[in-house]
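[1] Provided below for reference: sequence and predicted model.
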Amino acid sequence: MRISRTPFRISFVGGGSDLPQFYQREGMGAVVSASINKYMYLSMNPSFDEKIRLMYSRYEIADSIDTIEHPIVRAAFNRLGIHKGLEISSLADVSKGTGLGSSSAYTVGLLNALSSFLNKPLSKYDLASLASKIEIEDLGSPIGKQDQFAAAFGGINKFEFNSDESVAITPIVLSSDRLIYFQSHLMLFFTGRSRDAASVLSEQKNHMDTEEYRNIVKEMVSLTDIFSDILSCSDITDLGIILHENWELKKRLSKNISDSSIDEMYNIARKNGATGGKILGAGNGGFLLIFAKPEYQLGIASELSYLRKIDFSISFGGSEIIKVL
């Protein structure tokens, strides 16, 4: 038996530039993100009767790879050349469609468990790269690469996506005191609704042909260096300003990223002391990230008491095999 644990992520700046339609044309995309202590768990065990049993939001039994209905599992089996019967079950701390990269966490965690089961463990870079190929190339998902790399590597990172398909990973290393101080400024609220990221991202992907659209994304990419520098060695409270600027740019990418309800939530937080924030992931639902000094957070939480506040911390280590039996 193998059990893998793979973190979800929160993204700060640069989102959208990890789409191949952007970085292949512009030469490079970049994002800054952090993995958090909310996880996807997968357990894997050989099946007694050689059938393939999958337990996720539904229960599935398949006699062969070709009859597997779960697209990620079917693609992963084909990529790794697996023909044995396995029982695979998954559990997650947070439901899908909430902007925390759960689909990619599932893919990375699955590949980690499968490669360990085959006694051919993959490096973190290879895990992320193969997960990206499965989701983008094999399954045609209109997504980028940041989620897979964040899930595989963990921690706080700046990821640079190059036109030759390589990815440069720059960890942002903070002292324990500075990390605690940074985390103390972050709040996470569930908006109460999930969404289909594919529909929002498909629109963004289609708009990458326009220069106006790409210029907005380029402005967001330019914020990654500023965000990284402030986080590393400047006044952390200035990060809220950068997050706010990124959010205003992101909303210009599509009318489906925000709406009056989300705008109201964000404006309430700003009126009560927050300096920045954003909807995580593709937008139009999921989690709202808020940046505010600790002394303002009780007031913000009180004014947004109709939303579920989620406590979290930065997670290091990335996708891991936590049990081998």
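    Looks like it came in fine. Numbering: from 1, shown residues only.

[2] isn't Ile136 right up against Ile143?
    Yes. Using Cβ atoms under 8 Å as the test, Ile136 is close enough to Ile143 to be in contact (6.5 Å). Where C-beta positions appear, they are placed from N, C-alpha and C, glycine not excepted.

[3] so between those two, which is more surrounded?
    More neighbours sit around Ile143 than around the other of Ile136 and Ile143, counting by other Cβ atoms under 10 Å; the figures are 25 against 17.

[4] any idea where the strands of the protein begin and end?
    For the chain, the strands defined by DSSP state E cover 2-13, 28-46, 52-55, 59-62, 86-92, 156-162, 167-171, 186-190, 276-279, 287-291, 308-309, 320-324.

[5] which parts of the fourth one are buried?
    Of the residues in strand 59-62, those with enough neighbours to count as buried (16 or more other Cβ atoms under 10 Å) are Ala62.

[6] residues contacting it, please?
    Among residues not part of strand 59-62, those counted as contacts by Cβ atoms under 8 Å, 6 or more residues apart in numbering are Lys51, Ile52, Arg53, Leu54, Ile68, Glu69, His70.

[7] identify the residue nearest the fifth one in space, chain neighbours excluded?
    What sits nearest to Ile68 in space, not counting adjacent residues and going by Cβ to Cβ, 6 or more residues apart in numbering, is Arg74, at 4.1 Å.

[8] my read: that neighbour touches Ile52, true?
    No. Proximity of Arg74 to Ile52 does not meet the contact threshold set by Cβ under 8 Å, at 9.5 Å.

[9] any shared contact partners between the two?
    Applying Cβ under 8 Å, 6+ apart, one finds that Arg74 and Ile52 are jointly contacted by Ile65, Ile68.

[10] of those two, which one has the most company?
    Higher neighbour count among Arg74 and Ile52: Ile52, with 24 against 20, using other Cβ under 10 Å.

[11] gap between the residue lying closest to the more buried one once chain neighbours are set aside and Ile321?
    Closest residue to Ile52 in three dimensions, ignoring its sequence neighbours and counting by Cβ to Cβ, 6+ apart: Ala62, at 4.3 Å. Summarising the geometry, the distance separating Ala62 from Ile321, computed by Cβ to Cβ, to the nearest Å, is 24 Å.

[12] same check, this time on Tyr39
    Between Tyr39 and Ile321 the computed distance is 13 Å (Cβ to Cβ).

[13] what about those two, which has more around it?
    In this view Tyr39 and Ile321 are compared by other Cβ under 10 Å, and Tyr39 has more residues nearby, 23 against 17.

[14] for that one, which residues make a bridge with it?
    In this structure, Tyr39 has the following beta-bridge partners (DSSP bridges): Pro7.

[15] how near is it to Phe149?
    Counting by Cβ to Cβ, the gap between Tyr39 and Phe149 amounts to 17 Å.
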